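[1] Next comes the sequence, and after it the predicted model I'd like to discuss.
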Amino acid sequence: MINEELENKIKIFRDSYDIDPSVKDLIKKAKFPYVCEEIYKEAISSILAGKNLLLVGDKSTGKNVLVENLAYLFNRPLWTSSFHINIDAYDLIGGDTLKNGKIIFRPGPIYKAAKYGGFGVLDEINMAKNEAIAVLHEILDYRRMLEIPGYENLKLHPATRFIATMNYDYEGTRDLNEALLSRFVIIQMPIIKKDDLKLLIKSQYKNMKDEYIDNFTSFFFDLRLKAENGELLTVSPDLRSLFDSFDLIKEGLNLKNALKLTVVNKSFDEFEKKLIEDLIMTRFKDRTYYKDVFNE
């Protein structure tokens, strides 16, 4: 998937930056591989070039999976900041807190990523409000400095990268301004292809029968088509939900009950529930259990 030239450059990057022992446990292998080769190479090249990334795409396009794979590939600890209306500079950078009767500095995720050469995830960045945006402008600037009021001006570790994610049209989101966009290399995340989804399922559930790999893949794209046509408004196709259902089946739950818990019940609209249940009935037989779905 990665050519020899990129492998050599990644090795040089990894060998160039030590890991502080206190954060070594934050370097973890991703649960799922990222399967789109072209996007993977684009992201790797951007990291090597010292750029910060903005990953733009719909739900289930693998934005966070890509981030986890990149952090592990480059051997960097990972910190995540999830944006919402109440996130401010204190949540991101950190600030004063009381411990054992003394006032100390409590570092936030952006401070830690900056200090230890980590990858900082800026999740749903288009939900960030003005005070948080001001922090982002600072950390993403070419000067790579972070001001901690009352403490220090911290120079970002040379291995530090920030990777932002965003979905369009979520409630509470807004357009990013030009100044902030200019600080990123922007990758448009594609929708996973059917063949890639089959490979992903096979890589994680090696003993699943080919028939069910095909059926689960088709079911996922059935849901996506309904969502694209506006028939599903309150629930959207979600790969995590699909994989959760596999785990429940492995523990002995009936296939349809597993999909009810992980997919159907995520909608609170009765019409949508019935629509999803009809799709399940079309693709899967009643009373289907582990021995039917997986090879022993």
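    Received, thanks.
[2] Surely residue 192 is in a strand?
    No. When classified by DSSP: H, G, I helix; E, B strand; the rest coil, residue 192 is found to be coil rather than part of a strand.
[3] Was I right to think it contacts residue 34?
    No. Counting by C-beta atoms under 8 Å, residue 192 sits too far from residue 34 to count as a contact (10.0 Å). Every residue, glycine included, has its C-beta placed from N, CA and C.
[4] which SS state does the nearest residue to residue 257 once chain neighbours are set aside fall under?
    Of all residues not flanking residue 257 in the chain, residue 248 sits nearest, at 7.8 Å (C-beta to C-beta, 6 or more residues apart in numbering). State at residue 248, reduced to three classes by three-state DSSP: helix.
[5] Just to check, residue 248 is in contact with residue 263?
    No. Here residue 248 does not reach residue 263: they are 11.1 Å apart, not a contact under C-beta under 8 Å.
[6] With neighbour numbers in mind, choose between those two.
    Taking other C-beta atoms under 10 Å, residue 248 and residue 263 do not tie; residue 263 has more neighbours (24 against 18).
[7] need the contact list for the residue lying closest to the more buried one once chain neighbours are set aside.
    Once its chain neighbours are removed from consideration, residue 263 has its nearest residue in residue 241; the separation is 5.1 Å (C-beta to C-beta, 6+ apart). If a contact means C-beta atoms under 8 Å, 6 or more residues apart in numbering, then residue 241 has 262-263, 266 as its contacts.
[8] Include distance to residue 6, pLDDT and secondary structure when you put the residues you listed into JSON lines, please.
    Shown next, in JSON lines, are these (distance: C-beta to C-beta, whole Å; pLDDT from 0 to 100; DSSP: H, G, I helix; E, B strand; the rest coil):
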{"residue": "262", "distance to residue 6": "36", "pLDDT": "95", "secondary structure": "helix"}
{"residue": "263", "distance to residue 6": "37", "pLDDT": "94", "secondary structure": "coil"}
{"residue": "266", "distance to residue 6": "38", "pLDDT": "90", "secondary structure": "helix"}
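[9] Just send those residues back as a markdown table, with distance to residue 69 too.
    As requested, the contacts of residue 241 are arranged in a markdown table below (distance: C-beta to C-beta, whole Å):
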| residue | distance to residue 69 |
| --- | --- |
| 262 | 23 |
| 263 | 25 |
| 266 | 26 |
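[10] Overlap in contacts, residue 192 and residue 34.
    Contact with both residue 192 and residue 34 is made by residues residue 62, according to C-beta under 8 Å, 6+ apart.
[11] pLDDT wise, what is residue 112 at?
    According to the prediction, residue 112 has pLDDT 95.
[12] hang on, it packs against residue 79?
    Yes. Shown here, residue 112 and residue 79 form a contact pair, counting by C-beta under 8 Å, at 5.3 Å.
[13] can you list residues touching both of those two?
    Counting by C-beta under 8 Å, 6+ apart, the shared contacts of residue 112 and residue 79 are residue 118.
[14] any idea how far the residue lying closest to residue 296 once chain neighbours are set aside lies from residue 248?
    Using C-beta to C-beta, 6+ apart and skipping residues adjacent in sequence, the residue nearest residue 296 is residue 207, 7.7 Å away. From residue 207 over to residue 248 the distance is 16 Å, taken as C-beta to C-beta, to the nearest Å.
[15] Where in this structure is the helix or strand with the lowest mean pLDDT?
    Counting by mean pLDDT, DSSP states H and E, the weakest-scoring helix or strand in the chain turns out to be strand 94-99, with a mean of 78.
[16] Give me the contact list for the one helix or strand residue 39 maps to.
    Residue 39 belongs to helix 37-48 when elements are defined using DSSP states H and E. With contacts defined as C-beta under 8 Å, 6+ apart, helix 37-48 is touched by 1-2, 6, 9-10, 13, 34, 53, 66, 69-70, 73-74, 161, 185, 187, 189-190.
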